[in-house]
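S.K.: predicted structure and sequence below. I'll ask about it afterward.
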Amino acid sequence: MKAIVRVLFITVIFCLCCCTADKKKQSGQEQKQTPPPSIEVQAYTDYTSATIAQPIVYTLAAKYDPAISIVMPEVGSQIAGLRIVDFGEEGPKEVDNQLEYKKWYTLQADIAGAYIIPSMTVAYTDKDNLKKELQTPQIFIQVMSALTAENGEVSKDIIDIKPLQKLERDLTPYILISAGVLVLLVVIVGTLVYIDRRTKRKQQAAKPAHVIALEEFEQLQKENLIARGGFKDHYFRLSDIFRRYIENRFNVPAVEQTTQELSPEIESLQDMTASVKTTTQAFLKQSDLIKFAKHTPATDEIDHSHQDVLTVIEQTKKEAKDISPKSTTDKKQ
């Protein structure tokens, strides 16, 4: 009887051991087959201690399931004290059935001190279409002066600035040549301007004053400023044409003088009748009223002004004398 009990006891112990071993084996298999998390977020820098002007690369990385969509934060507005001198991104690319996506920023400090890159929030939508967020840890960065070693001591390997070296090349010939070329250019330009002005004067002198005035008046009429509402511009041009005619015809500085200054000059002219003098002064006063007093003329006033200008030109015009070589020869004969 004791032998039977002993055999049963041993059998029970053996079964229990087998069951326990099988459970451990299953547990180990289950542990090995545990799937990776659906999303992981990291934030890191290549240096936590740097000198001024030394670039520091800050990386924000995410590894996530393809069924998840993520939104990386805008880092630029959250980093204070450090300048972003460059940035870029990598991915997303598939690694081990997951997607990896990185955004990197090259930072640079201008002042020594301690800086904190704050925690960043990565928003994502999971497989169940639920919106969630993950926070990255803060990162502390110590920026030291370029003259300070990592242990805080002042660096002694500072190379002094070399003294200025005297330039051995003599620049006098180049300066003289440049000055000569500049003077030559000024002379050439001045000569061309003088010749151009002289040619224009000769061309103007070849035409009688009334011919020039009538051509300019005809051109003004073609521009049709009155129809477009440019009363003031029209009368400025018309007055200028009329004054230049008076100046060219009677050798009076009519362009530079005001109407008040010009009136005595008009009264003293011998080649102008009293009625023409009255018409001339009436037009000058009427044009001043429109140019400077913001008076808008009626149609009959405009026509009357045009007629006054043409009447004065017609009654005072003086034909150019024939001074050609042929006529001079005929007179001598």
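M.R.: Sure thing, it's come through. Numbering: from 1, shown residues only.
S.K.: wait, Ile117 touches Thr59, no?
M.R.: No. Checked against C-beta atoms under 8 Å, the pair Ile117 and Thr59 is beyond contact range at 10.9 Å. From N, CA and C alone the C-beta is placed, and that goes for glycine too.
S.K.: and the pLDDT for Ala205?
M.R.: On pLDDT, Ala205 comes in at 60.
S.K.: quick one: the helices in the chain?
M.R.: 2-32, 172-206, 209-223, 231-250, 259-267, 274-292, 299-316, 325-332 (DSSP state H).
S.K.: quick one on the thing from earlier: list the residues that contact both of Ile117 and Thr59?
M.R.: Shared contacts of Ile117 and Thr59 (C-beta atoms under 8 Å, 6 or more residues apart in numbering): Ala43, Thr45.
S.K.: which one's more surrounded, the two?
M.R.: Shown here are Ile117 and Thr59; by other C-beta atoms under 10 Å, Ile117 has more neighbours (25 against 14).
S.K.: who does that one bridge with?
M.R.: Judged by DSSP bridges, the bridge partners of Ile117 are Ile139.
S.K.: take the helices of the chain and write them to CSV, including mean neighbour count and distance to Gln135.
M.R.: CSV is the format used below for the helices of the chain (neighbours: other C-beta atoms under 10 Å; distance: least, C-beta to C-beta, whole Å):
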stretch, mean neighbour count, distance to Gln135
helix 2-32, 9, 28
helix 172-206, 10, 67
helix 209-223, 15, 73
helix 231-250, 20, 70
helix 259-267, 14, 83
helix 274-292, 16, 74
helix 299-316, 15, 80
helix 325-332, 8, 103
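S.K.: quickly, which of those helices bottoms out on average pLDDT?
M.R.: Least confidently modelled of these is helix 325-332, at a mean of 40 by mean pLDDT.
S.K.: hang on, the earlier thing: closest one to Ile52 among the helices of the chain?
M.R.: helix 172-206 (41.5 Å; C-beta to C-beta).
S.K.: quick check: angle from the closest one to helix 231-250?
M.R.: Per axes from the mean of the first three to the mean of the last three C-alpha atoms, to 10 degrees, the angle that helix 172-206 makes with helix 231-250 is 80 degrees.
S.K.: so what pairs up with the nearest residue to Gly91 once chain neighbours are set aside in the strands?
M.R.: Using C-beta to C-beta, 6 or more residues apart in numbering and skipping the chain neighbours, the partner closest in space to Gly91 is Tyr101 (4.2 Å). Beta bridges link Tyr101 to Ala62 when assigned by DSSP bridges.
S.K.: next: Tyr58.
M.R.: Thr45, Tyr105.
S.K.: just checking, it touches Lys102?
M.R.: No. With contact defined as C-beta under 8 Å, Tyr58 does not count as touching Lys102 (10.9 Å).
S.K.: neighbour count: these two, which is higher?
M.R.: Tyr58 (23 against 17).
S.K.: so what pLDDT did Pro73 get?
M.R.: 85.
S.K.: contacting residues around it?
M.R.: So Pro73 contacts Leu60, Met120, Thr121, Val122, Ala123 (C-beta under 8 Å, 6+ apart).
S.K.: which of these are buried, as a PyMOL select command?
M.R.: Buried residues within the contacts of Pro73, by 16 or more other C-beta atoms under 10 Å, are selected in PyMOL with:
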select buried, resi 60+120+122
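S.K.: using pLDDT, spot the least trustworthy of the contacts of Pro73.
M.R.: Among the contacts of Pro73, Leu60 has the lowest pLDDT, at 82.
S.K.: now it: how far from Pro73?
M.R.: 8 Å (C-beta to C-beta, to the nearest Å).
S.K.: per-domain residue ranges of this structure.
M.R.: As assigned by automatic domain parsing, the chain contains the domains 39-144, 205-316.
S.K.: figure out which of the ones you listed is closest to Arg197.
M.R.: With C-beta to C-beta as the criterion, Arg197 lies closest to domain 205-316 of those, at 12.4 Å.
S.K.: excluding chain neighbours, what is closest to Ala213?
M.R.: Among residues not flanking Ala213 along the chain, Tyr245 sits closest, at 3.9 Å (C-beta to C-beta, 6+ apart).
S.K.: just to revisit the earlier point, distance to Pro173 added to the domains of the chain, as a markdown table?
M.R.: Formatted as a markdown table, the domains of the chain follow (distance: least, C-beta to C-beta, whole Å):
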| stretch | distance to Pro173 |
| --- | --- |
| domain 39-144 | 43 |
| domain 205-316 | 48 |
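S.K.: nearest to Pro163, of the ones you listed?
M.R.: For the domains of the chain, distance to Pro163 was read as C-beta to C-beta. The smallest value, 25.6 Å, belongs to domain 39-144.
S.K.: what's the end-to-end length of the closest one?
M.R.: 36 Å (C-alpha to C-alpha, to the nearest Å).
S.K.: alright, that wraps it up for me.
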